[in-house]
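**Student:** Fold the following, please.
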Amino acid sequence: MKHVLAASMASVFIGAALSGATAEPMSENSELLETIAREIVDCGELDGIDWIEVSAIFAIDDDGDVNSSYGFAYDHTGNAHAAAFLYDPVEREVKRYREWLRLKGDKGFVKMLVQFNRETRRVNADFEYDNPARWQVTPNNVDMITRELQPRLGSKPEH
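**Tutor:** Model prediction:
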């Protein structure tokens with residue numbers, strides 16, 4: 001049930017993830033996703049890119065460790081800049097989130113997509129449980145995947 005709930009959360013405010021500001025009390029799910037977003041920003045991979053949104057994909061091996069990462073930082077014009085987030089603090093938080101989400105006896109997700117927007121502080125997470133080729137970038141699909149993965153989390157939801 002836990003993974004169904006988290007997987008269905010289309011967007012969550014990450015509040016302090018990028019600005020240090022405090023927000024309303026967050027759920028554990030929100031806090032864990034915020035921490036992943038913060039570690040992605042802090043790892044330095046986005047330095048020098050005038051990014052507005054990020055999509056990061058993490059592949060998980062049979063031991064539950066992150067074994068690959070790739071993604072894109074999108075600037076204000078929608079141009080995608082390739083990035084990879086294979087940094088210990090990022091990997092540690094992805095693994096922590098997977099373990100929190102995983103049901104007892106369940107293998108857990110094999111891929112995780114984390115998307116967030118710098119201005120709106122919204123984050124989106126999606127998961128793949130069976131198909132390790134999902135979101136895979138190849139020379140034949142790179143343009144399609146970069147468009148498909150663009151977060152589009154730019155407008156805040158109405159309250």
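**Student:** If you count neighbours, what's buried in stretch 87-97?
**Tutor:** Neighbour counts over stretch 87-97 (16 or more other CB atoms under 10 Å) mark 87, 90-91, 93-95, 97 as buried. Any C-beta I mention is one placed from the backbone N, CA and C, and that applies to glycine too.
**Student:** residues in contact with it?
**Tutor:** With CB atoms under 8 Å, 6 or more residues apart in numbering as the test, stretch 87-97 has contacts from 32-33, 35-36, 39-40, 42-45, 58, 60, 64-66, 69, 112, 114.
**Student:** out of these, which are buried?
**Tutor:** Using 16+ other CB under 10 Å, the buried ones in those are 32-33, 35-36, 39-40, 43, 45, 58, 60, 66, 69, 112, 114.
**Student:** how about these in TSV, adding pLDDT?
**Tutor:** As requested, these are exported to TSV (pLDDT from 0 to 100):
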residue	pLDDT
Leu32	94
Leu33	95
Thr35	95
Ile36	97
Glu39	97
Ile40	97
Cys43	95
Glu45	94
Phe58	98
Ile60	95
Val66	96
Ser69	95
Met112	97
Val114	97
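**Student:** Can you list which of these are found in helices?
**Tutor:** 32-33, 35-36, 39-40 (DSSP state H).
**Student:** Grab the nearest non-local neighbour of Leu32.
**Tutor:** Spatial nearest neighbour of Leu32, chain neighbours left out: Tyr97 (4.6 Å); criterion: CB to CB, 6 or more residues apart in numbering.
**Student:** Not counting sequence-adjacent ones, nearest residue to Arg152?
**Tutor:** Glu53 (7.6 Å).
**Student:** Check which helix or strand the one you found maps to.
**Tutor:** In this structure, Glu53 sits in strand 51-60 according to DSSP states H and E.
**Student:** Next, the angle strand 51-60 makes with the helix or strand where Asn29 lies.
**Tutor:** Element membership for Asn29, per DSSP H and E: helix 28-42. Computed by axes from the mean of the first three to the mean of the last three CA atoms, to 10 degrees, the angle separating helix 28-42 from strand 51-60 equals 110 degrees.
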